[in-house]
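Peer 1: my questions concern the predicted model and sequence given below.
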Amino acid sequence: MKHTRVPTPRTVLTGAGLVVALTAATLTLQTADAAPAKAPDPPTASAAGQRAKGISSTLGADGAGAYYDAARHELVINVTTEAAAAKARAAGAQARVVKHSLASLDAARATLKKQATIPGTSWGMDPRTNKVVITADRTVQGTKLAQLKRVAAALGDRAVVRQSAGTLRPLIAGGDAIWGTRARCSLGFNVTRGGQPYFLTAGHCTNAVRNWSATQGGEEFAVTEAGTFPGDDFGIVKYTDEDVVHPSAVDLYNGSTQAITRAGDPIVGQKVRRSGGSTHVRDGDVTAVEVTANYQEGAVDGLIQATICAEAGDSGGSLFEGNTALGLTSGGRGECSAGGVTYYQPVREALQKTGAQLG
C-alpha cells in the first residue's frame with residue numbers, strides 16, 4: 001500500500017539524485033522568383049534542434065549537419081551545394097556551404113571504428129569545423145598512437161587528431177550517492193513503466209549494482225531490472241520502497257528542483273546543465289553528437305559530448321536544459337578543478353529501448 005504524506009527531503013528522489021541523501025554524494029519552399037520568407041530565429045536551442053531535423057530531412061544527401069549559434073540565436077545548416085543552401089534559407093535557417101557531406105564524414109567514422117577502436121580514444125563529427133574530431137587520452141601512446149595517427153592521416157582533411165592530458169573513463173566509484181555494494185552513482189531521471197515507478201541511470205552502474213540504497217549501508221529502495229553497457233550506456237531500476245516520492249525533477253543543489261516534462265535531442269552549440277551526486281550542478285555547451293567513446297570496457301556509440309566537467313560518482317546523472325531531459329552521464333576526461341569533457345547517453349534512446357516514460 002502506497003502511503004500518502006508530505007515528502008521529507010530524505011525521501012524525495014529527483015532527477016539527479018536524492019535532495020538530501022545525495023547532496024554529499026557522489027529542427028513550403030517558395031518559388032525561385034519569390035523572396036524567401038525567413039522564419040523567426042529560434043528562441044532556444046531546443047527549438048533550433050527541432051527545426052534542424054525538419055530542414056535537414058528536405059536536403060537529402062546535400063545536408064551536412066547543423067549547429068546552434070547561441071550568441072546570435074541562429075540555426076546554421078551545413079550544406080554541400082548552393083541549391084541546398086537556398087532551400088535552407090527559404091526554410092528560415094542560416095546556410096553554410098561546406099566541403100564534406102554527412103555521408104563522407106560518416107564513412108570516416110566507420111573507418112575509425114574498423115581500424116582504430118583503441119581504448120582511450122573518442123571521435124565525433126564537429127559541424128562547426130566540418131571534420132571528425134578524434135581525441136586520444138594520455139594512455140594512448142607508442143604504437144597505438146601511431147596507428148591512430150596513420151588511420152586519421154588516410155582520412156585527409158575529414159579528420160583531425162587531438163591529444164588530451166586526461167583519462168577517458170566511466171565516472172563510477174565506490175563511495176557516496178545512490179549506493180550499491182560495489183559502486184556509487186547518480187540517479188538520472190525518474191520514469192514510469194507499466195504504471196510503476198522506476199529511474200534511469202548509467203548502464204555501467206546497473207552492470208555493477210543490483211540492490212540500491214539512498215545512503216551508504218542503508219536499506220534497499222530500488223533494484224536493477226536491466227542495463228546495457230558497452231554499446232549503449234543506460235540502465236533502468238525499479239523502486240521497491242513504497243514510501244519514496246518520485247517527482248519528475250532534477251536536483252539543483254540549492255534547495256530547489258527543476259521540473260522535467262519532456263525529452264529532447266540536443267544540438268551542437270546548445271547550452272546545457274548537468275546534475276550529479278559528486279559535483280552537483282555544472283554548466284557547459286554541447287560540442288558534438290553521435291560520438292563514439294572507446295572505454296577500456298568497450299565502445300559506446302551515439303553519445304552527446306559537452307564541455308562540462310564531472311567526477312567519479314556523477315555517472316548516471318541528469319543532462320538537461322530547462323524542463324527538457326537530454327542525457328545520462330556516461331564518462332569523461334579531466335577533473336572539475338581543471339575543466340573537462342563529458343559524454344552522455346541520449347535519454348530519448350534510453351526511454352525508447354526500456355519502454356519507459358517521463359513523469
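Peer 2: Here it is on my side, so go on.
Peer 1: going forward, measure contacts between C-alpha atoms and count neighbours the same way
Peer 2: Will do.
Peer 1: so which bits of the host helix or strand of E349 are buried?
Peer 2: E349 belongs to helix 347-354 when assigned by DSSP states H and E. Residues 347-351 are the ones in helix 347-354 that count as buried (16 or more other Cα atoms under 10 Å).
Peer 1: just the pLDDT at the nearest residue to D241 once chain neighbours are set aside, thanks.
Peer 2: For D241, ignoring the flanking residues on the chain, the nearest one in space by Cα to Cα, 6 or more residues apart in numbering is F221 at 4.8 Å. Among the per-residue scores, F221 holds a pLDDT of 90.
Peer 1: and F221, how close does it get to R182?
Peer 2: Here the criterion is Cα to Cα, to the nearest Å. By it, F221 lies 16 Å from R182.
Peer 1: and the strands in the stretch 201-350 of the chain, which stretches?
Peer 2: Using DSSP state E, counting those that start in this stretch, the strands of the stretch 201-350 of the chain run over residues 211-213, 220-228, 234-239, 249-251, 257-259, 262-263, 271-276, 280-295, 298-306, 318-321, 324-333, 341-346.
Peer 1: so which elements touch the third one?
Peer 2: Just to be clear, that refers to strand 234-239. In this structure, strand 234-239 makes packing contacts with strand 196-201, helix 203-208, strand 220-228, helix 347-354, judged by 3 or more Cα pairs under 8 Å, 6 or more residues apart in numbering; DSSP states H and E.
Peer 1: so which of these is nearest L105?
Peer 2: Among those, the nearest to L105 by Cα to Cα is helix 347-354 (22.5 Å).
Peer 1: next secondary structure after the closest one?
Peer 2: Following helix 347-354 in sequence order, the next helix or strand is strand 357-358 (DSSP H and E).
Peer 1: for that next one, what is the distance to the chain centroid?
Peer 2: Chain-centre distance of strand 357-358: 17 Å, with Cα atoms, centre = their mean, to the nearest Å.
Peer 1: pull the helix or strand containing A152 out as PDB, backbone CA atoms only.
Peer 2: Following DSSP H and E, one finds A152 within helix 142-154. Extracted in PDB, the C-alpha atoms of helix 142-154 (Å, rounded to 0.1, in the frame of the first residue of the first chain):
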ATOM      1  CA  GLY A 142      53.600   4.400 -28.800                       C
ATOM      2  CA  THR A 143      52.300   2.000 -31.500                       C
ATOM      3  CA  LYS A 144      48.600   2.700 -30.600                       C
ATOM      4  CA  LEU A 145      49.100   6.500 -31.100                       C
ATOM      5  CA  ALA A 146      51.000   5.800 -34.300                       C
ATOM      6  CA  GLN A 147      48.200   3.600 -35.500                       C
ATOM      7  CA  LEU A 148      45.600   6.200 -34.700                       C
ATOM      8  CA  LYS A 149      47.500   9.000 -36.500                       C
ATOM      9  CA  ARG A 150      48.100   6.700 -39.500                       C
ATOM     10  CA  VAL A 151      44.400   6.000 -39.900                       C
ATOM     11  CA  ALA A 152      43.500   9.600 -39.400                       C
ATOM     12  CA  ALA A 153      46.000  10.800 -42.000                       C
ATOM     13  CA  ALA A 154      44.500   8.500 -44.500                       C
END
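Peer 1: do you know the pLDDT at D41?
Peer 2: Note for D41: predicted pLDDT of 61.
Peer 1: which elements pack onto the helix holding A152?
Peer 2: helix 102-115, strand 159-163.
Peer 1: these: which one's closest to C205?
Peer 2: Closest to C205 of the helices and strands packed on helix 142-154, according to Cα to Cα: helix 102-115, at 24.8 Å.
Peer 1: pLDDT weak spots in the chain?
Peer 2: The chain contains residues with pLDDT under 70 at 1-43, 172-177, 243-245.
Peer 1: can you rerun that using 80?
Peer 2: For the chain, applying pLDDT under 80 flags the ranges 1-44, 171-177, 241-247, 359.
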